Every structure is written in C-alpha cells, then in structure tokens.
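1. starting from these lines, generate the structure:
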Amino acid sequence: MRFLLPVTLCAALFSFSQVCTGADQPEKLSDPALIELIKTAPGPKDLPNMPAVFLSLEEKDFANIDGTGIYEMHEVVKILDDQGMSLGEVSLPYDQSDSVLTIVSARTIKPDGTIVNVNEDAIREVAPYSGFPLYSYIRVKQFSMPALEIGSVIEYRALLKVFKSKMPSLFVTYWSFPPGYVIKKAHLEVDAPVEMQINYRARNIKAEPSITTEKARKLYSWNVSDVFIGGIYEQFLPPYDVVCPNIYVASAREWGDVSRWFYELSQPSLEPGQKMKDYVDYVVKGCGRDREKIMRELYDFVSQNIRYVAIPLRASGYAPHNVTDIYVNKYGDCKDKSALLISLYRLAGIDSYFALLKTRSAGPLIREFPALEFNHCIVAVPKQDGGYIFLDPTLELDRFGYVPTEMQNVDIFVVKKDAEYEFIKIPFDLKNYSGTHGTISMTIGGDYTISVKDTIEYFGDREILTRLNYKYATRDAIRAVFEKGLHSLYSDAVLDDVKISEPNDLSGHFWDSSTYRIKGHIKEAGNLLIFDLPGFDSMLRNIISTETRTYPLWFSELSHDITDITITIPASCRVNYVPVSIEKDTPFGYYNRNVKSEGNTISIHYDFRMKLLEIPAAQYAKYKEFIESIVQSMKESIVLEKVTKG
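-> Here you go, the predicted model:
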C-alpha cells in the first residue's frame with residue numbers, strides 16, 4: 001500500500017509507541033503475514049555458520065519538495081547462533097537539531113510464538129558526545145531486545161521525521177545491506193513529489209526500481225531477495241561502500257547549488273573575536289610578516305592546541321560553529337577546526353577556502369549527481385603560482401602541507417565564493433612515501449649473546465600515527481610495547497633501554513631507538529654457528545594468510561620500508577656462508593636484499609616498496625607468490641665458523 005499520508009498526520013499517528021506493553025504481559029503472535037514469514041524462515045541447518053538471517057528489511061521514505069521527509073523503517077531478524085545475539089543490542093543515531101526519532105515498536109518473538117515487548121522506559125536516549133556541549137544535538141536511541149535466545153525473532157519499527165533538510169530542497173536516502181548475513185527480502189521505496197527529479201544508483205547489486213505515478217506523487221520501489229555478501233572478514237578489505245550492496249537516492253541538484261549553499265552557510269561562523277585578532281597580530285609580528293612562517297604558525301596552533309572531536313561530517317552537520325567559540329573552548333570537529341584556521345588566515349590577509357571530501361576509506365564520491373556524501377572537511381590555500389596547499393587541521397602532529405594517503409586520489413570539492421567551486425584530485429605522492437628507515441647494529445659477543453641497537457625513523461602516514469601513539473602513552477606503556485614486539489621476534493631477549501624523540505617537535509622526522517640483548521639465538525652445530533636472519537616477515541605473512549580472495553587487497557598507504565643491518569662477529573669466528581643478494585621488481589612492489597661480508601662485518605640492506613594500493617582478487621595468486629618468495633628468503637641463515645687457535 002502506498003505511503004501517501006501527509007507529513008503532519010503521519011507524525012501524529014506514529015508519535016507514540018503502539019505495542020510497548022511491558023515484558024510481564026506475554027502475548028501470542030497473531031499477524032498472519034508475520035506468522036508465515038517466520039514459519040518459512042531458514043534455520044541453522046539451512047544456513048550453517050550464519051549468525052542470523054534478515055527475514056525482512058523494509059524502508060518507506062516520504063519526501064517533501066523542501067527536502068524534509070519521513071523515513072519509516074521495519075526490520076525482522078531471526079537469531080541462528082550465539083554470535084547473532086549481538087543484534088539484540090539496537091542503536092539508532094539521529095540529529096536532534098533537524099529530526100525526531102520515534103521507536104514505534106520493538107519486540108522479541110520467542111521460538112514458541114510468545115511475544116515479549118520492549119518497555120517504553122527501557123528505551124534509552126544518550127548523547128555520545130556529552131563531554132562536548134557544542135555537539136550535544138547528536139543523539140542515539142538504544143534498547144535491548146528482551147528474552148532473546150537462539151531461534152528468536154527480533155522485530156522493530158522506527159520512524160524518523162526530518163523537519164529541517166541539511167540543504168534546502170535536497171532529499172537524500174542511502175540503503176546499505178548488512179554484510180555477512182543473508183537478507184531474504186528487502187523492500188525499499190521513495191515517495192516523492194512529481195516535480196522532484198530523483199537520481200539513484202545501485203552498487204554491487206542488480207536493482208532497478210518500479211516507478212508509478214499517482215496524482216502529484218511518484219513512487220520509486222525496489223524489491224530484492226536472497227542477498228548475501230560473504231568474505232567480509234578478509235583482512236585488508238576495501239571500504240564497505242565499495243564491497244557491500246547499496247542503493248543511493250537523492251533529489252537532483254547541481255554542484256553549483258551545493259557550493260552556493262555551503263558558502264552562505266559557513267560564512268557567518270567566520271566572524272572573529274578580539275582575542276583572535278590580538279593573537280594573529282602577535283603571530284604576524286613574531287614571524288616578521290613572512291607569509292609561509294605565518295601560515296605554518298597558525299596551522300600548528302589549530303592542529304596542536306584545538307582538540308579534535310572525531311565526528312563524521314554527515315553526523316555532526318555541515319554548519320560550522322562560531323570560530324570564537326572554537327577558539328575559546330579549544331575543541332572542534334573537522335569543519336570547526338577548518339573554519340577557525342580559515343578565519344585566522346583571513347585576519348592575516350591570507351586567502352583560504354573550505355574543501356569538502358569523501359576520504360578514501362569511505363569509498364568513492366558519486367560525481368554524476370550531487371549530494372552530501374562528504375565525510376571530512378579540510379582547508380585549501382591558493383598557491384601564488386597556481387594550485388593549492390591542502391591542510392588538514394584535525395591532524396594534530398602532521399607536517400605542514402603533507403596530505404595523508406586517505407586524502408590522495410579522491411575528489412576534493414573546493415568551495416570558493418558564491419557558486420564558484422573546483423574539483424581537485426591530488427595524485428598519490430610517491431616521493432613523500434609512508435614508511436620507515438631502520439638502522440640496526442648487532443654485535444656478537446664471545447658467549448654468542450647478541451647486543452643490539454635498533455633505531456627507526458618514520459615518514460608520512462606512519463610518522464603521524466606513531467607520533468600520536470607515543471604522545472599519549474606513558475613511559476611504562478611504551479616500554480611494554482617494545483618488550484612485546486621484541487619477544488615476538490626473539491623469545492629469549494632482554495630490553496635494556498628505550499628512547500624516543502619529542503612527539504611535538506616537527507622540525508625533524510620522528511624516531512625511536514632501543515637497545516637489547518638476545519640470548520640463545522645462535523645455534524651451535526659442531527664447529528659451526530648458525531645465525532638466522534633478523535625476522536621482519538610476520539606482517540607480510542598476515543597479508544597472504546588465505547589461499548584465495550573474494551575481494552581485492554586494500555592498503556591504507558603506499559609503504560616504503562628500508563632497513564640497514566650491520567653485524568659484527570667476534571674475532572674467534574669467521575664467515576662461512578651468507579645468503580645471496582636478491583632483487584625482485586614486479587608490478588606489485590619492489591624488494592631488494594643486498595648482503596655483503598668483509599672481514600668481521602656483515603652488512604645487509606633491505607628495501608621493500610609497495611607500488612599499488614589495491615590488488616585485484618584476480619591477481620592475488622601472483623601477488624601471493626611475490627610475497628611468499630620474500631618471506632621464504634627471510635628464513636635463510638648466516639653461518640659462522642669457529643676459528644681454531646694455533
């Protein structure tokens with residue numbers, strides 16, 4: 001039946017819970033359609049190793065011409081094993097500033113057909129960012145399904161009334177089918193005014209809507225059945241938006257409309273207070289009016305002194321808070337930190353713009369029809385010779401001007417004045433790679449104990465992450481991490497000391513250094529001493545842990561790791577054998593091991609560089625062969641020979 005009720009009437013009908021009568025008043029199921037759905041539902045024998053099955057997913061959306069609307073949701077899920085019990089904990093987020101969420105009904109249908117309803121007072125509403133008052137409008141309604149057991153069916157209905165569209169006249173809805181479960185049937189529909197042009201796109205699923213028109217309304221309906229997405233537990237999985245079936249629907253707009261809307265929305269928030277003006281005057285004088293120094297100083301201030309609240313842009317809304325509030329309160333999400341930096345730059349006479357994007361791990365942006373898919377906001381500063389410097393002030397310990405891999409090769413929407421905009425795609429940066437350069441000095445003593453000094457210098461994405469991890473870790477915690485890593489390589493090792501550079505000092509690359517002793521690593525075989533090569537293969541083994549892949553291998557960075565090892569052997573020994581040098585250059589990556597022996601010194605140079613961020617499943621076998629050859633080479637040994645005196 002078509003959902004054609006007026007907005008006000010529909011809200012009135014669903015503004016209260018219809019069946020939450022209390023867990024102490026059991027009743028029997030009487031709905032014939034639901035009885036038949038449950039009766040014909042598959043069980044654990046039909047779907048072995050499946051935690052649950054979605055018997056029905058239904059959503060009916062009613063769109064108004066101004067972009068507001070009503071979203072009616074209905075789910076019926078059967079629990080098949082203990083792992084599926086987690087689906088009994090339900091959390092539904094919403095934005096209190098522009099919508100109202102009502103739990104219409106929620107109940108557990110036990111295997112014997114008995115119904116146990118969720119009490120109204122058992123539905124909790126929480127503010128997940130309650131420690132940050134500026135974002136207290138983000139809410140989550142939570143409830144637990146009562147009397148849940150294997151074989152039970154979960155059923156709940158929810159109604160979301162959006163009374164203020166994020167962008168005027170823009171209606172958006174997105175359906176993503178849950179991975180790792182069978183969906184027996186799903187019904188999705190959008191009921192829109194005939195004058196509202198609707199764009200839609202289905203990914204990873206064949207689904208075309210049936211479209212009917214009645215009077216002033218047009219109904220778009222999708223019906224799909226027996227959907228299942230497996231392989232989602234593979235490591236290094238692409239974003240769910242790329243892997244899982246989903247349907248995206250939005251009313252038609254132009255990118256110029258989006259640019260104009262966001263520009264007008266964001267400009268009022270940029271008005272600075274007197275304290276901000278005084279601070280910028282102080283910085284400008286201190287930097288001798290050097291434009292680049294001023295830019296770096298203000299960027300470092302916002303990135304390091306304004307605490308980042310990690311809320312996705314779509315959840316927190318697109319309107320920045322007033323920059324004075326951000327400056328005074330010392331916290332903000334991506335759009336708020338970007339707004340503060342833009343306002344400070346404006347005071348210093350430096351042009352800069354908001355730049356909206358969908359990060360790489362969130363999946364590709366749909367350029368074909370504009371919608372608010374963005375999940376992140378950064379700053380674009382025009383270069384004097386053309387192009388932009390892109391700055392992400394949410395990265396607390398990022399080097400000025402470095403763009404992380406998450407924002408490389410994605411569409412960045414630069415919002416200029418009025419309807420002016422520009423799409424920029426930053427190519428993958430192969431020069432400023434993400435990785436490490438390790439220097440290891442190993443000295444073998446007369447008792448064959450190995451004394452080691454191990455220093456690692458970090459670059460790119462790896463440097464940012466490592467700085468943050470160390471900044472907020474205690475000395476004891478840092479030492480514990482080193483000991484755990486050391487013992488994973490050498491079971492009988494003793495950590496002597498750990499040193500790290502200052503995480504907040506961005507003048508040079510971050511480094512850490514440790515000294516330790518390894519006992520029992522060298523094995524005696526008569527007159528020979530066998531010394532296994534230092535092991536760095538555990539991460540590589542994890543990448544190729546399966547024989548085949550359903551989905552591509554997806555990496556978060558183009559890594560480049562170099563390690564230089566110097567081994568000094570005692571005077572009582574001489575080199576009997578060292579592994580040969582190896583060089584492998586493939587479309588997937590480059591690997592080089594160069595081994596030299598001179599006198600009592602052995603030098604080993606490792607160079608491993610990835611060339612692709614994504615390995616298609618069809619090429620996984622060849623990639624696996626490449627990695628396995630590297631792993632195998634790391635299992636080789638150095639052989640020393642005892643020197644007989646006289």
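2. state whether Pro385 is indeed within a helix.
-> That one is not Pro; residue 385 is Asp. No: counting by DSSP: H, G, I helix; E, B strand; the rest coil, Asp385 is not part of a helix but coil.
3. can you give me the helices for this protein?
-> Along the chain, the stretches classed as helices by DSSP state H are 7-13, 32-39, 240-243, 255-266, 274-286, 291-305, 313-316, 323-329, 334-347, 460-471, 475-489, 538-543, 620-633.
4. which of these sits most buried?
-> Neighbour counts (mean count of other C-beta atoms under 10 Å) averaged over each of the helices of the chain peak at helix 334-347, with a mean of 26. For glycine as for every other residue, the C-beta is placed from the backbone atoms N, C-alpha and C.
5. packing partners of it?
-> Contacts defined by 3 or more C-beta pairs under 8 Å, 6 or more residues apart in numbering; DSSP states H and E place helix 334-347 against helix 274-286, helix 291-305, helix 313-316, helix 323-329, strand 353-357, strand 376-382.
6. so which of these is nearest Gly43?
-> helix 313-316 (37.2 Å; C-beta to C-beta).
7. distance check, Ala192 against Ile211.
-> Look at Ala192 and Ile211: by C-beta to C-beta, to the nearest Å, they are 10 Å apart.
8. any common contacting residues for those two?
-> 218, 220 (C-beta atoms under 8 Å, 6 or more residues apart in numbering).
9. so for the two, which sits in the more crowded spot?
-> Applying other C-beta atoms under 10 Å to Ala192 and Ile211 shows that Ala192 carries more neighbours, namely 22 against 11.
10. list the contacts of the residue lying closest to the more buried one once chain neighbours are set aside.
-> Of all residues not flanking Ala192 in the chain, Ala63 sits nearest, at 4.2 Å (C-beta to C-beta, 6 or more residues apart in numbering). Contact analysis of Ala63 by C-beta under 8 Å, 6+ apart lists 69, 171, 190-193, 196, 251.
11. now those in JSON lines, with pLDDT?
-> Below are the contacts of Ala63 laid out as JSON lines (pLDDT from 0 to 100):
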{"residue": "Gly69", "pLDDT": "96"}
{"residue": "Phe171", "pLDDT": "94"}
{"residue": "Val190", "pLDDT": "97"}
{"residue": "Asp191", "pLDDT": "97"}
{"residue": "Ala192", "pLDDT": "97"}
{"residue": "Pro193", "pLDDT": "97"}
{"residue": "Met196", "pLDDT": "95"}
{"residue": "Ser251", "pLDDT": "93"}
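12. tell me which two of the residues you listed sit farthest apart.
-> Asp191 and Ser251 (12.6 Å).
13. who's more crowded, those two?
-> Ser251 (24 against 20).
14. I'd guessed that one sits against Pro193; true?
-> No: using C-beta atoms under 8 Å, Ser251 is not in contact with Pro193; the gap is 9.4 Å.
15. and the end-to-end length of stretch 34-50?
-> End-to-end span of stretch 34-50 (C-alpha to C-alpha, to the nearest Å): 22 Å.
16. which residues touch it?
-> Stretch 34-50 has contacts (C-beta under 8 Å, 6+ apart) with 29, 53, 55-56, 76, 78, 80-81, 109, 113, 150-151, 153, 155, 181-182, 184.
17. number of residues surrounding Tyr331?
-> Count around Tyr331 with other C-beta under 10 Å applied: 18.
18. show me where pLDDT drops low in the stretch 101-250 of the chain?
-> Scanning the stretch 101-250 of the chain for pLDDT under 70 picks out 231.
19. mind redoing it with 90?
-> Residues of the stretch 101-250 of the chain meeting the criterion pLDDT under 90: 113, 130-131, 176-180, 203-206, 228-235, 237-245.
20. JSON lines for the helices and strands packed on helix 334-347, including mean pLDDT?
-> Listed next are those as JSON lines, based on pLDDT from 0 to 100:
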{"stretch": "helix 274-286", "mean pLDDT": "96"}
{"stretch": "helix 291-305", "mean pLDDT": "95"}
{"stretch": "helix 313-316", "mean pLDDT": "82"}
{"stretch": "helix 323-329", "mean pLDDT": "96"}
{"stretch": "strand 353-357", "mean pLDDT": "96"}
{"stretch": "strand 376-382", "mean pLDDT": "96"}
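21. make JSON lines out of the ones you listed and add distance to Ala122.
-> Shown next, in JSON lines, are the helices and strands packed on helix 334-347 (distance: least, C-beta to C-beta, whole Å):
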{"stretch": "helix 274-286", "distance to Ala122": "47"}
{"stretch": "helix 291-305", "distance to Ala122": "43"}
{"stretch": "helix 313-316", "distance to Ala122": "25"}
{"stretch": "helix 323-329", "distance to Ala122": "35"}
{"stretch": "strand 353-357", "distance to Ala122": "39"}
{"stretch": "strand 376-382", "distance to Ala122": "36"}
